[in-house]
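K.L.:
Quick one, what's the 3D model for this:
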Amino acid sequence: QVQLVESGGGLVQAGGSLRLSCAASGRTFSTYAMGWFRQAPGKEREFVSVISRSGVITYYADFVKGRFTISRDNAKNTVYLQMNSLKPEDTAAYYCAADVYADRLQRDGNEYEYWGQGTQVTVSS
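P.N.:
Just a heads-up that it's a prediction; the model follows:
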């Protein structure tokens, strides 16, 4: 079992920055990959980023490349999403997720077994 709690969301102006955090508990954090997803009202959930167990390998959705950075601190059982140059279209609920059975990094949310409750990010124009 893995429990995930996101924090760090809020209201920011376009061009601003936020850092999301996701604190994990339960299963040993360094044994599973972590992803970030988002869902805007009326839209499907979409992949944002994923990071490997060690933190060495990362993947990003094209629409966040160069603006968002995923990282993890295995000593603190926490994964982060640094979001810079935010745009109004980044407005969404952001979720972290754990893939405990990953043999490769996944962009498909259906491959993730555990999810946080989400944190809202609102970017004003």
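
K.L.:
okay, and for the chain, where does confidence drop off?
P.N.:
Low-confidence segments of the chain, defined by pLDDT under 70, are absent; every residue clears the threshold.

K.L.:
now the strands for it?
P.N.:
Listed from the start of the chain, the chain has strands (DSSP state E) covering 2-7, 10-13, 18-26, 33-39, 46-51, 58-60, 68-73, 78-83, 92-99, 114-115, 119-124.

K.L.:
and residue 108, which of those is closest to it?
P.N.:
Shortest distance between residue 108 and the strands of the chain, using CB to CB, is found for strand 46-51: 7.5 Å. C-beta coordinates here come from the backbone N, C-alpha and C atoms, glycine included.

K.L.:
so what's the backbone phi/psi at the residue nearest to residue 29 when sequence neighbours are not counted?
P.N.:
Nearest residue to residue 29, sequence neighbours excluded (CB to CB, 6 or more residues apart in numbering): residue 77, at 4.2 Å. Here the main-chain torsion angles of residue 77 (degrees, to the nearest 10) amount to phi 50, psi 40.

K.L.:
Count the residues that sit near residue 77.
P.N.:
Using other CB atoms under 10 Å as the criterion, residue 77 is surrounded by 17 other residues.

K.L.:
re earlier: got TSV for the strands of the chain, with mean neighbour count and distance to residue 107 too?
P.N.:
Compiled in TSV, the strands of the chain are given as follows (neighbours: other CB atoms under 10 Å; distance: least, CB to CB, whole Å):
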stretch	mean neighbour count	distance to residue 107
strand 2-7	17	18
strand 10-13	13	26
strand 18-26	18	17
strand 33-39	24	8
strand 46-51	21	4
strand 58-60	16	7
strand 68-73	18	13
strand 78-83	22	15
strand 92-99	24	11
strand 114-115	18	15
strand 119-124	17	20
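
K.L.:
I appreciate the help and will end here.
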